[in-house]
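> got a predicted model here, sequence first, then my questions.
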Amino acid sequence: MIKFSCADYSFPLLSRMQVLRLLKLLEFESADLGLFERNPRFLPSDLMASPDSFTRAALEDVNSQELQIADVFLQIGLEPADSSANDPNPKVRARSREVFSRAISFCRTIGCTHMTGLPGVHHGDAERDFVLAAEEATWRLQQCRQSGVVYSIEPHIGSICAETASVRRLLAAVPDLTLTLDYGHFICQGEDSAVVHTLLPHATHVHARSAARGQLQTNLPENTIDFEGMISGLAASRYHGYIALEYVWIDWQGCNRSDNLSETILLREQLRDIAEINRKG
């Protein structure tokens, strides 16, 4: 049975408690937390400064709304290139490992068994950038496994694995690495849903929002993602993870033009209907 969660960072103008209450009001039982340096509700720098008090306060707030945490999405820098997993500077990578280790402890304490990270970006030397990304993904995967946490990477526009072919290359280089799969990053670049479906067996978390060619995020009537095929593919691969409603509101790729509240509700209901039809066969 498909489980649904919703990203706290879909509603950036609200306080932490307002967001958690909203998710509960929307009848979500689970939330995705964005441990982003651009998400003032859950800042990695705050976690590093006061790990115990930060984690304790987060746990209290989440528990007050009786929410489970489906995924912690770690983005250490303000932008993907800032403190990227494959930064050529070994000091930057060492610092990122410190933050990552703290994030694992955060996951364990709040009862979350899944963490998403970014794979890395291009820094000017394609082969070096790929090798470093593979090395860091391998290290992160091992650290999470030792703590009982599933680690996945989210392929995205501008990353070293922005297309399905480059995603497969990284998966081949890092055995057991899994994906947080967001169709929008592929569809907006012109790839077909049928091609993205082939990545579903590697998914342990899914981000869902409407998208179309040239539009990373759009309104549901304009959507061209084959959500029916996605749901069928998840069922065929015996998927047991979450589908996270993950609209964002940022001034990037036109992602500040949607009514995130309405779109979240509409897409969730559509996905629920598709999942129920698929379940009944």
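Right, received. Where do you want to start? Every value quoted in this text rests on a predicted model; they were computed, and no experiment measured them. Numbering: from 1, shown residues only.
> show me where the stretch 51-200 of the chain has strands.
Per DSSP state E, counting those that start in this stretch, the stretch 51-200 of the chain carries strands over the ranges 68-75, 114-117, 150-153, 178-182.
> other SSEs contacting the first one?
The one in question is strand 68-75. Applying 3 or more C-beta pairs under 8 Å, 6 or more residues apart in numbering; DSSP states H and E, one finds that strand 68-75 contacts strand 3-7, strand 30-36, helix 90-110, strand 114-117, strand 242-245. Placement of C-beta: from N, CA and C, glycine included.
> identify whichever of the ones you listed lies nearest to residue 207.
Judged by C-beta to C-beta, the one of those that comes nearest to residue 207 is strand 242-245, at 5.4 Å.
> who does the closest one pair up with?
strand 3-7 (parallel), strand 203-208 (parallel) (DSSP bridges).
> dump the helices and strands packed on strand 68-75 into TSV; add mean neighbour count and mean pLDDT as well.
Output for the helices and strands packed on strand 68-75, formatted as TSV (neighbours: other C-beta atoms under 10 Å; pLDDT from 0 to 100):
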stretch	mean neighbour count	mean pLDDT
strand 3-7	23	97
strand 30-36	24	98
helix 90-110	17	98
strand 114-117	24	98
strand 242-245	26	98
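> mind putting these into a markdown table with distance to residue 83?
Output for the helices and strands packed on strand 68-75, formatted as a markdown table (distance: least, C-beta to C-beta, whole Å):
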| stretch | distance to residue 83 |
| --- | --- |
| strand 3-7 | 21 |
| strand 30-36 | 12 |
| helix 90-110 | 5 |
| strand 114-117 | 11 |
| strand 242-245 | 23 |
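> got JSON lines for the strands paired with strand 242-245, with distance to residue 167 too?
Output for the strands paired with strand 242-245, formatted as JSON lines (distance: least, C-beta to C-beta, whole Å):
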{"stretch": "strand 3-7", "distance to residue 167": "21"}
{"stretch": "strand 203-208", "distance to residue 167": "11"}
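> now for the ones you listed, which one comes closest to residue 33?
Nearest to residue 33, of all the strands paired with strand 242-245, is strand 3-7, at 8.1 Å by C-beta to C-beta.
> now tell me what touches the closest one from outside.
Under the contact criterion C-beta atoms under 8 Å, 6 or more residues apart in numbering, strand 3-7 has outside partners 23, 26, 28-32, 34, 70-71, 73, 207, 241-248, 264, 268, 271-272.
> next one: stretch 222-239
In contact with stretch 222-239 (C-beta under 8 Å, 6+ apart) are residues 2, 183-184, 187, 193-194, 197, 200-201, 203, 206, 208, 210-213, 215, 243, 270-271, 274-275, 278-279.
> same thing but at 7 Å, please
183, 187, 193, 197, 200-201, 203, 210-213, 270-271, 274-275, 278 (C-beta atoms under 7 Å, 6 or more residues apart in numbering).
> next one: stretch 37-49
8-9, 16, 19, 33-36, 54, 58, 74-78, 99, 102, 106.
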